[in-house]
Each structure stands twice: as structure tokens, then as C-alpha cells.
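Peer 1: Provided below for reference: sequence and predicted model.
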Amino acid sequence: MIVKSKQREEHLADLRETFERLRKYQMRLNPKKCVFGVTAGKFLGFLIDERVIEANPDKVQAVIDMTSPKSVKEVQRLTGCLAALGRFLSRADDSSLAAEIQKRSSWFEWWNGVLYKKSFSRPLLWCITPEKGKEILDDLHQGLCSSHIGGRALAEKALRTGYYWPNLREDALAMVQKCDKCQRFAHLIHRPSHPLTPIMSPIPFAKWGMHFLGPYTAAPGGRRYVIVAVDYFTKWVEAEALKNIRTSDVRAFIWKNIMTRFGIPQAIVFDNGTQFETPKLKEWLADHGIHSCFASIGRPQANGQVEAFNKIISEGIKNKLDEAKGLWADELPNVFWSIRTTAKNSTGETPFLLTYGAEAALPIEMCEPTLRFMLYDENANWEMMKLAMDFLPEVIGNTALRQQLYKIRMAREYNKKVSKRVLKVGDFVLQKMESVGRANEQGKLTPTWEGPYEIYDEVRNGTYRIQGMQGRPILRTWNADNLKKYFF
């Protein structure tokens with residue numbers, strides 16, 4: 001009699017129910033033959049554990065030690081034994097199984113004491129053991145005349161060389177999958193691993209994104225960097241050229257360019273610059289009720305709004321400068337004016353209009369007056385300005401709706417390219433060399449990936465914290481797009 005339970009907590013209740021039935025029918029047990037609380041044991045010639053029921057090796061040792069018949073009499077003796085045992089074997093008289101065995105055996109030849117398999121591509125393939133097959137695969141894959149070919153090509157090469165064993169293809173694929181060099185020099189994965197979640201801002205100046213640009217050629221005053229902040233709703237840009245990128249410079253910029261001009265924001269999304277992750281800055285922001293968020297390393301989409309404007313700013317500076325590259329800081333106001341007075345696809349309006357309630361007057365309109373300048377009347381203009389301010393909430397509401405629809409469409413198109421890569425705590429991974437700025441460390445011979453590292457925490461879906469093989473944590477979070485599972 002066996003009493004099994006799926007959970008340890010349920011076992012006492014199952015035993016209690018069994019004993020009640022035994023008492024009901026006045027049955028007795030021999031205490032010396034009872035065993036309690038075990039996960040495996042022998043019962044009626046079988047080994048029983050939590051996974052499977054299998055034959056007891058002690059009971060089938062004679063069959064295991066049986067040698068192959070070497071004469072006609074031994075074959076006849078074995079046939080007689082099988083006929084006698086057939087009535088105890090399930091489906092022993094199943095003709096379909098016998099036919100299947102005969103069908104498979106027709107593909108094999110026994111010649112000079114060696115087993116061969118018939119083949120379409122070769123006359124005969126030498127049948128070898130899986131252990132010997134793995135040695136051959138290893139030599140074909142990373143021996144003297146090898147080049148770390150792929151799994152399918154490796155299996156085909158072993159077959160063309162004249163070898164065969166069960167699971168040849170699976171063994172070849174597994175060997176390539178676990179090869180350390182193949183994993184480190186594998187191609188980059190360009191398809192995203194997780195769906196895009198757009199960052200929404202319900203009202204103007206509630207959420208900002210912040211990032212650094214540079215270093216550039218030194219401008220007057222030793223300025224080489226640009227700190228950029230973008231409002232997620234209006235797309236208004238604030239930026240300043242800096243000599244240094246210290247935490248004190250970041251705090252001064254936030255106070256002067258954001259808080260004293262547009263009020264206290266709800267949140268600021270930073271990139272992974274060390275100047276943004278200091279305890280002093282986090283504490284100062286928290287004292288003002290500002291939530292600080294950080295993008296994953298090598299994941300521009302996490303702070304995509306600022307990344308997009310960084311590209312526009314860099315291209316604008318390069319296009320306006322010729323040989324005098326050190327004058328880039330003087331061109332920043334011109335570039336920002338262009339950005340602020342250009343309508344954005346996501347909003348359909350200019351950042352200037354969403355910020356001040358009216359369109360800015362451009363220099364060209366002074367030289368070539370447009371209709372609004374030709375019909376300008378100071379008294380009527382004042383009334384029109386007041387009407388525009390009254391209608392501004394409606395404009396902002398329509399802009400919020402348009403912006404949400406735009407981001408939903410953008411996310412839908414992006415998510416069509418997603419190839420899900422499931423990682424979990426405890427997995428070992430490699431990280432992109434380019435995500436840590438070492439993509440050309442050894443020129444053309446630089447590995448694509450480095451590691452392995454172990455995932456020890458999942459911050460949120462698709463974002464992880466990793467540590468080295470000695471247990472030393474790697475700073476900041478890492479996105480799944482920059483990680484690849486490592487196989488031992």
C-alpha cells in the first residue's frame with residue numbers, strides 16, 4: 001500500500017484518511033514494514049519516486065547482464081524465452097510494432113562485425129555511439145580543420161563524412177549552442193525583445209527627459225558639453241552649454257531652466273550618466289517632490305524623446321558650422337529657436353504655441369510681412385490674444401489626444417518587430433560590447449558579446465540587474481535588448 005501526496009502539507013491529511021479506512025475495516029499493519037515521509041522507495045519490484053515509476057534494477061539485473069547470442073542455438077534459446085515471457089508483456093502480440101521494427105531494420109546492414117546505416121547521400125554510414133559521436137562533432141567544430149560552423153552545417157558535415165548515430169542533429173545543435181566562442185562572436189540581435197511602452201505625460205511640463213551631449217570641440221570658456229531637457233508634452237527644449245558635467249551643474253540647470261520657469265515637475269527621466277545617480281541629487285529632487293527615473297543602459301527607447309532631440313540638435317549644430325567648430329555654443333540659441341517654432345508630428349503644433357498660446361514671430365516675417373503682420377491692429381491683437389488664451393485649454397486637450405493616438409500607432413508598429421526573449425533570475429547572460437562602449441576594443445576581431453553574468457534581480461519586465469561570476473554586482477540596470485542567454 002502506498003500513500004502519495006503532491007504537497008508535504010497535504011501528507012498528514014492523506015495519512016489520517018488512510019488510517020481511518022483501515023480502522024473501519026479492522027485491518028492491521030506491520031510497523032516494521034512501514035516507512036513514512038520518504039520521496040522514493042521500492043514497491044512490488046518497481047522503483048517509485050516523485051517523477052516516474054521504473055523497474056527495480058535488482059529485479060532486471062539478469063536481463064541487463066545478458067550477452068548477445070553468438071550461435072544458432074543461443075538465438076533459438078532466446079526466442080523460446082521471449083515466447084514464454086510474451087504473455088507477461090503488454091502488447092507483446094502487437095503486429096504493428098513488429099512491422100515497424102522490421103521496417104526500421106531494413107535501413108541497417110551488419111557487415112564484418114560493424115553496423116552500418118543505408119543513406120541517400122552516401123552508400124553506407126558507420127553507426128557509432130553517441131559518446132563517440134560527440135567527440136567527432138567536437139573535432140569537426142573546433143579542431144584543426146574547423147571554423148566554428150553552425151549547428152545544421154555541423155550535422156550535415158558529420159553525415160557527409162560518413163558517421164551516424166541517433167540524435168546526430170540534436171547533438172550538433174546543442175554543441176553549437178553551448179560553444180563559448182560561438183556565443184561570444186554571435187551576430188547582434190536587432191529585433192527588440194519586449195514591446196514598447198510609450199511614456200505619456202497628461203499635462204504640459206509634468207514630465208521631463210534629461211540627457212548630456214558631448215564632448216564637443218572646446219568652446220569659449222572651456223565649454224564642451226550640452227545638458228538637454230525636453231518636456232514630454234509640449235516638446236519644449238531647454239539646454240545649456242557647460243564646461244563640466246558635475247552634479248552641482250545638473251542641480252543648477254534644473255533649478256534655473258525648469259523649476260523657476262515652468263514650475264515643479266512630477267518626474268524627470270534621466271539617462272545613465274553618473275552625474276544623475278548621485279545620492280545628493282536624488283535627495284534634492286525628493287525634497288521638492290520630484291520623482292527621478294533612469295533609463296536602462298544601452299536602451300535609447302527608454303528615454304527616446306530626449307534621444308530624438310539630441311540627434312536634431314547635433315545635426316543642427318553641424319549644419320550651421322563650417323571650419324569654426326569651436327563656435328558651436330554660439331549657435332545653440334538659433335538651433336533651439338528652430339526646434340521650438342517647428343510643428344511636431346506627434347502634437348501637430350509647435351512647442352512655442354503649446355507653451356505661450358501663440359505662434360512666435362520669425363525674422364523672415366519682418367522682411368517679407370505675412371498676412372497677420374499686414375493686418376496687425378494693436379487693439380484687435382490684444383482681444384485676439386485673450387481669446388487665444390481662453391481656447392488654449394481646448395488646444396492642449398486636443399493635443400493630448402492626438403499625442404496619445406500617435407504614440408499608440410508608433411508602439412503598434414514597433415511591437416510587430418518584437419521577438420520575445422525570456423530571461424529570469426538565475427539565468428546566465430552575455431552583454432553587448434557596444435552597450436559598454438567597447439565595440440571596437442580589438443578592431444575587427446572584437447567579440448560581439450562579453451560575460452557571462454548572472455541575473456540576480458528583475459526590476460520590471462525586460463529590465464534586470466546582473467552580477468559577475470564572483471558575485472560582484474554590475475552598476476545600474478540592463479535591458480533585455482542588450483543581453484543574450486548564455487549556455488554552459
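Peer 2: Nice, I can see it.
Peer 1: going forward, measure contacts and count neighbours with C-alpha atoms only.
Peer 2: Noted.
Peer 1: domain-wise, how is this structure divided?
Peer 2: Domain assignment for the chain, taken from automatic domain parsing, gives 8-64, 104-178, 207-412, 428-485.
Peer 1: for Ser419, which of the ones you listed is the nearest?
Peer 2: domain 428-485 (10.1 Å; CA to CA).
Peer 1: any idea where the helices of the stretch 301-450 of the chain begin and end?
Peer 2: 304-320, 328-340, 351-356, 363-367, 371-374, 378-415 (DSSP state H, counting those that start in this stretch).
Peer 1: for the second one, the distance to its chain's centre please.
Peer 2: Here the centre of mass of C-alpha atoms in helix 328-340, compared against the chain's by CA atoms, centre = their mean, to the nearest Å, lies 38 Å away.
Peer 1: cool, the longest one as well?
Peer 2: Taking the mean C-alpha point of helix 378-415 and that of its whole chain, the gap between them comes to 36 Å (CA atoms, centre = their mean).
Peer 1: for the record, mean pLDDT for it?
Peer 2: For helix 378-415, mean pLDDT is 85.
Peer 1: show me the one of the domains of the chain that comes nearest His187.
Peer 2: Judging these by CA to CA, what sits closest to His187 is domain 428-485, at 6.9 Å.
Peer 1: could you count how many residues lie near Gln467?
Peer 2: 19 (other CA atoms under 10 Å).
Peer 1: report pLDDT for it.
Peer 2: 92.
Peer 1: report the beta-bridge partners for it.
Peer 2: Beta-bridge pairing of Gln467 under DSSP bridges involves Glu454, Pro473.
Peer 1: assess the claim that it and Asp457 are in contact.
Peer 2: No - the pair Gln467 / Asp457 is not scored as a contact, 9.5 Å apart, by CA atoms under 8 Å.
Peer 1: list of residues touching stretch 201-218?
Peer 2: 224-234, 262-271, 273, 303, 305-307, 310, 325-326, 355, 396, 400 (CA atoms under 8 Å, 6 or more residues apart in numbering).
Peer 1: one more time with 6 Å
Peer 2: 224-234, 265-271, 306, 326 (CA atoms under 6 Å, 6 or more residues apart in numbering).
Peer 1: strands along the stretch 101-250 of the chain, start to end?
Peer 2: Along the stretch 101-250 of the chain, the stretches classed as strands by DSSP state E, counting those that start in this stretch are 108-111, 114-118, 124-127, 163-164, 207-213, 225-231, 237-242.
Peer 1: what angle do the last one and strand 207-213 make?
Peer 2: Same thing as strand 237-242. 30 degrees (axes from the mean of the first three to the mean of the last three CA atoms, to 10 degrees).
Peer 1: who are the packing partners of strand 237-242?
Peer 2: When contacts are defined as 3 or more CA pairs under 6 Å, 6 or more residues apart in numbering; DSSP states H and E, strand 237-242 packs onto strand 225-231.
Peer 1: after the helix or strand harbouring Lys280, which helix or strand is next?
Peer 2: Assigned by DSSP states H and E, Lys280 belongs to helix 279-287. Beyond helix 279-287 on the C-terminal side, the first helix or strand identified by DSSP H and E is strand 291-294.
Peer 1: measure stretch 425-442 end to end?
Peer 2: End-to-end distance of stretch 425-442 (CA to CA, to the nearest Å): 31 Å.
Peer 1: ok, back up a step: can I get the domains of the chain in CSV including distance to His190?
Peer 2: Output for the domains of the chain, formatted as CSV (distance: least, CA to CA, whole Å):
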stretch, distance to His190
domain 8-64, 40
domain 104-178, 19
domain 207-412, 12
domain 428-485, 8
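Peer 1: which of these comes out lowest on mean pLDDT?
Peer 2: domain 8-64 (a mean of 80).
Peer 1: which residue is the nearest non-sequential neighbour of Ser5?
Peer 2: His11 (5.3 Å; CA to CA, 6 or more residues apart in numbering).
Peer 1: can you give me the buried ones in the helix or strand hosting that neighbour?
Peer 2: Using DSSP H and E, His11 sits within helix 8-24. Applying a neighbour-count criterion of 16 or more other CA atoms under 10 Å, one finds His11 buried in helix 8-24.
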